[in-house]
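Enquirer: I would like to see how this sequence folds:
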Amino acid sequence: MLPNLSGYYRFVSQENMDNYLRALDINVVLRKVVCLLKPDKEIIHTGNHMIIRTITSLRDYVMDFDLGVQFEEDLGPVDGRKCQTTVFWEGDQLVCEQLGEKRNRGWRHWLEGDRLHLRMTAEDEVCVQVFQKVK
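Expert: The predicted structure is shown next:
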């Protein structure tokens, strides 16, 4: 049975965010700001439909999608790009492939107890964030 990731999660930690953002060609000023943010995550998971909100004091980013269905994702708020995105389950991990200008772009979410892990990749860089479920 697949996990249900629904819940609200508070930021705990992150590793290698600056290098990940550099791989996405984010300018140095914005990289510094983003590295200071402590985002929360809200996930609503109903059957094959999911909404993932990344909530920060700067701006929120919302992904609203059906599992296994490719869609055009507008990453304008992140790095000004659009990509063809597909989100699917691989074992007990939620995997996102973002096809576009950047090689190896995507992410994985998985649970370990009541901690949500997020592994983001772009080019050869990997950033890992951890969140604690609060409700």
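
Enquirer: could you use CA atoms for every contact and neighbour count after this?
Expert: OK.

Enquirer: list the contacts for the closest residue to residue 103 other than its chain neighbours?
Expert: If you skip the residues right next to it in sequence, residue 103 has residue 123 as its closest partner in space, 4.9 Å away by C-alpha to C-alpha, 6 or more residues apart in numbering. Counting by C-alpha atoms under 8 Å, 6 or more residues apart in numbering, residue 123 touches 23, 102-105.

Enquirer: and residue 134, by the same measure?
Expert: Taking C-alpha under 8 Å, 6+ apart as the test, what residue 134 contacts is 7-10.

Enquirer: just among those, which is most surrounded?
Expert: Counting by other C-alpha atoms under 10 Å, residue 9 has the largest number of neighbours within the contacts of residue 134, with 21 neighbours.

Enquirer: in whichever helix in the chain runs longest, what's buried?
Expert: Using DSSP state H to assign secondary structure, the helix with the most residues in the chain is helix 28-36. Neighbour-count burial for helix 28-36, with 16 or more other C-alpha atoms under 10 Å as criterion, is recorded at 31, 34.

Enquirer: tell me the first helix or strand C-terminal of it.
Expert: Downstream of helix 28-36, the next assigned helix or strand under DSSP states H and E is strand 40-46.

Enquirer: sheet partners, orientation included, of that following strand?
Expert: strand 7-15 (antiparallel), strand 49-55 (antiparallel) (DSSP bridges).

Enquirer: following the chain onward from the longest one, which element is next?
Expert: As assigned by DSSP H and E, the chain's next helix or strand after strand 7-15 is helix 17-23.

Enquirer: still on that earlier bit, would you list the contacts of residue 134 in a markdown table and tack on distance to residue 86 and pLDDT?
Expert: As requested, the contacts of residue 134 are arranged in a markdown table below (distance: C-alpha to C-alpha, whole Å; pLDDT from 0 to 100):
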| residue | distance to residue 86 | pLDDT |
| --- | --- | --- |
| 7 | 22 | 96 |
| 8 | 23 | 98 |
| 9 | 23 | 98 |
| 10 | 25 | 98 |
